[in-house]
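*Asks:* pasting a predicted model and its sequence here:
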Amino acid sequence: MPTSEFETELKNYYEQKRQSQLTTKIGQAAGLMRETLLLCAVYDEVYEGMITPEGSTRDDVETLRSHVRNSEFNAIESKIEGTLADLEEERDKVREELQISLRDTEDRIKGFRSLNKRICEIDEKRINNLFQTIGGLNDAPPDEGREFGQLESEVREAASEFVQELEAVEDDLFQGFRGSDIEEQVRSLLRGETMHLTQPERNELNALRESQLGPYLTLSLEGE
């Protein structure tokens, strides 16, 4: 084989190898962006307000897409590592923000469990299921070849069902105290807070003693 032909084949091989590696990295970039957007969708369903990727990150992805559509491999090669780093940082930032909010919700569920142990109002399995579900809300599902729209619908549906059950559990636990003199105090317990009574009225104390929480109630005086 002439040297010139060998050099040409070698160049073609390296070019194919480079394109294959870039294709893999482009797939990684797409996966990171998909994961970030799915985490944003969970936050949007569970909490008021929403979080979105930084505008600069979106711009980087759009630029990368343009290079991919035009098969501009040199441009892709020069930008892909920086884009991957930015996307990973953005994914981690969104996940951290979601996790902080989920921990607050987990504390709320712990309040449900604490209250239910005393009043035995609902099946403990419902509370255990809430703990199990919340543990997976910050993990985006694998794509398994599915379209992003299908994945987003899946995570939004799961998050929405979690919120509905969370509120239903709270309503069922609260049913026996609705309209009572200690309604607000029990609400604070359900939020995972400590009950504090400042200069309580006699009817509040009597209602607490006579409620299902009475046997577990301890009163103490705090100085200033």
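*Replies:* Received, thanks.

*Asks:* quick check: mean pLDDT of the helix or strand containing residue 37?
*Replies:* Secondary structure from DSSP states H and E places residue 37 in helix 3-46. Taken as a whole, helix 3-46 has a mean pLDDT of 79.

*Asks:* likewise for stretch 145-158?
*Replies:* The predicted model gives stretch 145-158 an average pLDDT of 91.

*Asks:* now do it: everything it contacts.
*Replies:* The contact list for stretch 145-158 (C-beta atoms under 8 Å, 6 or more residues apart in numbering) reads 34, 37, 38, 41, 42, 44, 45, 133, 137, 140, 141, 143. Heads up, the C-betas are built off the backbone N, CA and C, glycines and all.

*Asks:* try it again with 7 Å
*Replies:* 34, 38, 41, 42, 45, 140, 141, 143 (C-beta atoms under 7 Å, 6 or more residues apart in numbering).

*Asks:* among those, who's most crowded?
*Replies:* residue 42 (27 neighbours; other C-beta atoms under 10 Å).

*Asks:* what sits closest to that one if chain neighbours are left out?
*Replies:* Leaving aside its sequence neighbours, residue 42 sits nearest to residue 159 (C-beta to C-beta, 6 or more residues apart in numbering; 4.8 Å).

*Asks:* ok, that neighbour - how many residues close by?
*Replies:* 19.

*Asks:* next one: residue 21
*Replies:* If we define neighbours as other C-beta under 10 Å, then residue 21 has 12 of them.

*Asks:* one more: residue 176?
*Replies:* By other C-beta under 10 Å, neighbour count at residue 176 equals 13.

*Asks:* which other helices and strands contact the strand or helix carrying residue 125?
*Replies:* With elements taken from DSSP H and E, the one containing residue 125 is helix 124-134. On a contact count with 3 or more C-beta pairs under 7 Å, 6 or more residues apart in numbering; DSSP states H and E, helix 124-134 meets helix 73-119, helix 148-174.

*Asks:* worst mean pLDDT among those?
*Replies:* helix 73-119 (a mean of 90).

*Asks:* what angle sits between it and helix 3-46?
*Replies:* 30 degrees (axes from the mean of the first three to the mean of the last three C-alpha atoms, to 10 degrees).
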